[in-house]
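S.K.: Attaching a predicted model along with its sequence, questions to come.
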Amino acid sequence: MKLNGNNLKIAIQKDGRLTEQTLKLLKEIGLEFEIYKRQLFSRCRNFPLDILFLRDDDIPEYVQDNTVDLGIVGENLVSERNANVRNLEKLGFGYCSLVLAVPQKSGIRKITDLESKRIATSYPVSLRTYLRQQNIQAEIIQLKGSVEIAPSLEIADAICDLRSTGSTIKSNNLKVLETVLESQSVLISSKQIKQKKELERLLIRIRADSKHRKANIS
Ligand code: PRT
Ligand code: ZN
C-alpha cells in the first residue's frame, strides 16, 4: 500500500506516552482504521486520511516542511524545535511541565542562584530561552535521557526536565525550583494545507470531542 497523494496525512507518535490516547481520540471522532505491527501508516476507511506512525521528535519538522499536513505532539516539543506550524487545538491529554529542579539538600533556593551553575537537560532550546529571559548565565549540559540522575553523578547542579506525577523528581531526591513551561498534546498543521475542506471537517469533529472531554472533567 502506498500513501495517497490526495489524502490528508497526519503524523502521530508510533510508540510512546501519547500513542494510546491519540489513537483513542482518532477512534472517538469516528475514524475507522486498522493498525498492524511494523506498518508505517494506516488508511482510514471512512475519511480521506492517512495516519503515519513516527518518533515524536520528527513530527514538528515533518509538519513544518509539509511532508505531512497534520501532527499530534506535545507543545513542549513544538517550542523546543521552534517549529513554524499552526497550533490548531489543545487536546487535553499528555499534560506535563518542563521544570527546573535541584537536589533537596542543594544551596540553590531561587532562580538567580543558578548563575554560573551547570544544568542538565534534553530541552536546551527551551532552557536557553528561559535563562535569557531571566538574565541568568549558566552552563547547559545536553543529555539524551536519564537527566534526573545527573546531579547524583555530580555532572550537573540542577536539571531541567519534564514532570507529570512528580515521582521521578522525588525518588531522585530532587525538588522543583521553577516551572519553565506547561505542556499538553496539541494538534498542529502545516501552513500550506491544500485539503482545506477535509481539514475543516476533521477539526469540527476533534473540537466537538475535546469540548465533550473537557465538559466531563469539570
Ligand atoms: O520514541 P519517541 O521519541 O517517540 O518517544 P519519547 O521517548 O521521546 O517520548 P515519550 O513517549 O516519553 O513522551 C512523549 C511526550 O509525552 C512528551 O514530549 C511530553 O509532551 C509528554 N509527556 C507527558 C511526558 C511526560 N508526561 C513525562 N512525564 N514525557 C516524558 N515524561 C518523562 C520525564 O522526562 C521524566 O523522565 O517522565 C519522567 C517523569 O515523570 P513523572 O510522572 O515521574 O513526573
Ligand atoms: Zn522522542
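M.R.: Received the coordinates, thanks. Residues are numbered from 1 along each chain as shown. Ligands and ions are numbered 1, 2, ... in the order given.
S.K.: ok, for the residue of the chain at minimum distance from ligand 1, nearest residue in space, not its chain neighbours?
M.R.: Distances between the chain and ligand 1 by CB to the nearest ligand atom are smallest at Gly74, namely 2.0 Å. Where C-beta positions appear, they are placed from N, C-alpha and C, glycine not excepted. Excluding its sequence neighbours, the residue lying closest to Gly74 (CB to CB, 6 or more residues apart in numbering) is Ser183, at 5.1 Å.
S.K.: From Ile108, how far out is the residue of the chain closest to ligand 1?
M.R.: 27 Å (CB to CB, to the nearest Å).
S.K.: Among those two, which residue is more densely surrounded?
M.R.: Gly74 (24 against 18; other CB atoms under 10 Å).
S.K.: beta partners for the residue of the chain closest to ligand 1?
M.R.: Beta bridges link Gly74 to Ser185, judged by DSSP bridges.
S.K.: got a list of what it touches?
M.R.: If you count contacts by CB atoms under 8 Å, 6 or more residues apart in numbering, Gly74 has them with Leu18, Asp56, Gly94, Cys96, Ser183, Gln184, Ser185, Val186.
S.K.: possible to save these as a markdown table with neighbour count?
M.R.: Below are the contacts of Gly74 laid out as a markdown table (neighbours: other CB atoms under 10 Å):
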| residue | neighbour count |
| --- | --- |
| Leu18 | 22 |
| Asp56 | 22 |
| Gly94 | 23 |
| Cys96 | 19 |
| Ser183 | 23 |
| Gln184 | 16 |
| Ser185 | 26 |
| Val186 | 21 |
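S.K.: what two of these are the furthest from one another?
M.R.: Taking CB to CB, the two most distant members of these are Asp56 and Gln184; they sit 13.7 Å apart.
S.K.: is any part of the helix or strand hosting Asn87 close to ligand 1?
M.R.: Assigned by DSSP states H and E, Asn87 falls within strand 86-90. No: shown here: strand 86-90 not in contact with ligand 1 (CB under 6 Å from any ligand atom), separated by at least 11.9 Å.
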